[in-house]
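**Student:** how would this look folded up:
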Amino acid sequence: MTDEDWPPLLSELGADTRHPEGLFLPETYHFPKGTSDRALLTQAYEHMQAALGEEWPIRDVTSPVKTPYEALVLAS
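**Tutor:** Residues are numbered from 1 along each chain as shown. Sure, this is the predicted structure:
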């Protein structure tokens, strides 16, 4: 993907940022031959959102981190 491809994809995914860093769960993915890059990125994005959905509610509320995206930035 090129730099120009990211904003439309992130918009399609519903991401609130224009930068892809940290938005995709780093994992080993199994997919059939011919799977598009967008399909794989969508899967990785959805997995990251699911992980955040599980972890964000149980975070230490005294943390200065205000959003799940801030937590991703800090983690990376």
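**Student:** which stretches of the chain form helices?
**Tutor:** 6-13, 37-55, 68-75 (DSSP state H).
**Student:** Columns distance to V61, mean pLDDT and mean neighbour count on top of these, output as JSON lines?
**Tutor:** C-betas here are computed from N, CA, C, even on glycine. Below are those laid out as JSON lines (distance: least, Cβ to Cβ, whole Å; pLDDT from 0 to 100; neighbours: other Cβ atoms under 10 Å):
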{"stretch": "helix 6-13", "distance to V61": "27", "mean pLDDT": "91", "mean neighbour count": "15"}
{"stretch": "helix 37-55", "distance to V61": "13", "mean pLDDT": "94", "mean neighbour count": "14"}
{"stretch": "helix 68-75", "distance to V61": "13", "mean pLDDT": "86", "mean neighbour count": "14"}
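**Student:** Tell me which of those sits nearest to L23.
**Tutor:** Of all the helices of the chain, helix 37-55 sits nearest to L23, with 5.8 Å by Cβ to Cβ.
**Student:** for that closest one, packing partners?
**Tutor:** Counting contacts by 3 or more Cβ pairs under 8 Å, 6 or more residues apart in numbering; DSSP states H and E, helix 37-55 packs against helix 6-13, helix 68-75.
**Student:** Next one: the residue nearest to the spatial centre of the chain relative to G34, how far apart?
**Tutor:** Centroid check for the chain by Cα atoms, centre = their mean gives L23 as the closest residue, at 2.2 Å. In this view, L23 and G34 are 24 Å apart by Cβ to Cβ, to the nearest Å.
**Student:** repeat for E21
**Tutor:** 27 Å.
**Student:** now L9
**Tutor:** 19 Å.
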